[in-house]
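Undergrad: any chance you could fold what I've pasted below:
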Amino acid sequence: MLRIATWNINSVRLRVDQVARFVAEAAPDVLCLQEIKCTADQFPRAEFEAMGLPHLRVGGQKGWHGVAIASRRPITDGPALDVCREGHARCVSAMVEGVEIQNFYIPAGGDVADRKLNPKFDHKLDFYERLTAEMAGRDRQRPLVLAGDFNIAPGENDVWNHRYMSKIVSHTPLEVDTLRRLQEVGGFADVVREQIPEPVKLASWWSYRAADFRKSNRGLRLDHLWTSPGLTPAVAKGSARIHDDVRAWERPSDHAPVTMDLDV
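TA: Predicted structure coming up:
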């Protein structure tokens with residue numbers, strides 16, 4: 001069994017103790033992190049070795065963005081993807097137990113859902129378009145996981161208010177259609193939503209603006225684990241989980257970890 005987790009940690013150095021607690025409690029074999037906000041040489045490698053995740057691939061950047069994959073099991077380099085036109089550290093890959101893992105921190109896209117008026121929104125859609133073109137040429141039977149903060153909540157029950165959020169970047173029809181095209185071109189399974197079908201409301205992100213995130217309950221499901229058709233049959237039934245309890249820890253990330261198990 002291979003347990004894979006994804007978590008936008010919002011500064012790995014600030015929250016390395018929370019990572020250690022989560023690893024001790026949830027026991028992931030592979031942990032995909034986003035927004036590590038440090039360079040590769042600043043990454044707290046000793047702490048990850050101590051928590052049993054010594055095998056690392058880090059894509060770092062000073063003060064911003066940044067992604068990492070930490071594993072209990074030996075890893076090798078996965079295919080590097082050229083999908084970020086701005087050269088940000090937003091993608092890192094690894095091969096673990098024969099499974100290719102691509103970990104993304106996809107651009108949020110700013111506040112205005114217009115490609116001409118908002119370069120950040122255009123960058124977000126361009127990132128998706130490049131990734132979709134890459135996946136269109138892939139062998140669907142190759143074991144592949146797309147993980148990370150996709151910054152799009154696809155379904156009506158992946159946002160707290162569909163009608164309102166349809167006008168807000170992260171759930172606009174254009175973004176949802178863009179995400180669906182990526183999913184369809186690779187035949188990817190959205191593991192969490194397949195195991196916890198609509199109309200159950202799900203979220204993995206809650207704004208810091210609310211003092212009590214559960215009371216305000218204005219969450220979005222932005223964090224995803226997708227599997228290729230060749231890997232989807234290996235997903236353990238009932239294993240997908242959003243660890244929303246972690247969002248209630250002291251000084252938390254605004255995202256909660258998401259996990260799934262693979263029988264590989």
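Undergrad: ok, Val99 - contacts?
TA: Applying C-beta atoms under 8 Å, 6 or more residues apart in numbering, we find Val99 in contact with Leu2, Pro143, Leu144, Val145, Leu231, Leu262, Val264. Bear in mind the C-beta positions are built from the backbone N, C-alpha and C, glycine included.
Undergrad: buried subset of those residues?
TA: Leu2, Pro143, Leu144, Val145, Leu231, Leu262 (16 or more other C-beta atoms under 10 Å).
Undergrad: now do the helices in the protein.
TA: 16-26, 45-50, 119-136, 162-165, 173-186, 191-195, 213-216 (DSSP state H).
Undergrad: any chance of the ones you listed in a markdown table, plus distance to Cys38 and mean pLDDT?
TA: Converted to a markdown table, the helices of the chain look like this (distance: least, C-beta to C-beta, whole Å; pLDDT from 0 to 100):
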| stretch | distance to Cys38 | mean pLDDT |
| --- | --- | --- |
| helix 16-26 | 11 | 98 |
| helix 45-50 | 11 | 98 |
| helix 119-136 | 22 | 98 |
| helix 162-165 | 32 | 98 |
| helix 173-186 | 28 | 98 |
| helix 191-195 | 28 | 98 |
| helix 213-216 | 26 | 91 |
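Undergrad: can you pull the contacts of the residue nearest to Leu144 when sequence neighbours are not counted?
TA: Spatially, and ignoring its direct neighbours in sequence, Leu144 is nearest to Ser228 (4.0 Å; C-beta to C-beta, 6 or more residues apart in numbering). Residues near Ser228 by C-beta under 8 Å, 6+ apart: Arg138, Arg140, Gln141, Arg142, Pro143, Leu144, Val145, Gly186, Gly187, Phe188.
Undergrad: now, which of those residues sits nearest Glu156?
TA: The closest of those to Glu156 turns out to be Phe188 (C-beta to C-beta; 19.6 Å).
Undergrad: ok, and the closest non-adjacent residue to the closest one?
TA: Phe188 sits nearest to Trp226 (C-beta to C-beta, 6+ apart), 4.0 Å away.
Undergrad: Asp139 too?
TA: Gly230 is the one closest to Asp139 (C-beta to C-beta, 6+ apart), at 7.7 Å.
Undergrad: what's the separation between that neighbour and Arg140?
TA: In this view, Gly230 and Arg140 are 6 Å apart by C-beta to C-beta, to the nearest Å.
Undergrad: please apply the same query to Asp17.
TA: Asp17 is 40 Å from Arg140, by C-beta to C-beta.
Undergrad: ok, how many other residues are close to Asn157?
TA: A count of nearby residues for Asn157, using other C-beta atoms under 10 Å, gives 18.
Undergrad: now swap in Met1 and tell me
TA: By other C-beta under 10 Å, the residues close to Met1 number 10.
Undergrad: I figured it was touching Met260, is that so?
TA: No. Counting by C-beta atoms under 8 Å, Met1 stays clear of Met260, with 10.6 Å between them.
Undergrad: identify the contacts common to those two.
TA: Counting by C-beta under 8 Å, 6+ apart, the residues touching both Met1 and Met260 are Ala236.
Undergrad: returning to that earlier point: ok, the residue nearest to Asp139 - how many residues close by?
TA: Neighbours around Gly230, by other C-beta under 10 Å: 16.
Undergrad: wouldn't it be in contact with Arg138 here?
TA: No. Gly230 is beyond contact range of Arg138, at 10.0 Å (criterion: C-beta under 8 Å).
Undergrad: mind listing the shared neighbours of those two?
TA: Common neighbours of Gly230 and Arg138, counting by C-beta under 8 Å, 6+ apart, are Leu144.
Undergrad: still on that earlier bit, nearest to Cys84, of the helices of the chain?
TA: That would be, of the helices of the chain and by C-beta to C-beta, helix 119-136, which comes in at 5.9 Å.
Undergrad: show the pLDDT at the nearest residue to Gln18 once chain neighbours are set aside.
TA: Take Gln18 and drop its neighbours on the chain: the residue closest to it by C-beta to C-beta, 6+ apart is Trp249, 6.0 Å away. We have a pLDDT of 97 for Trp249.
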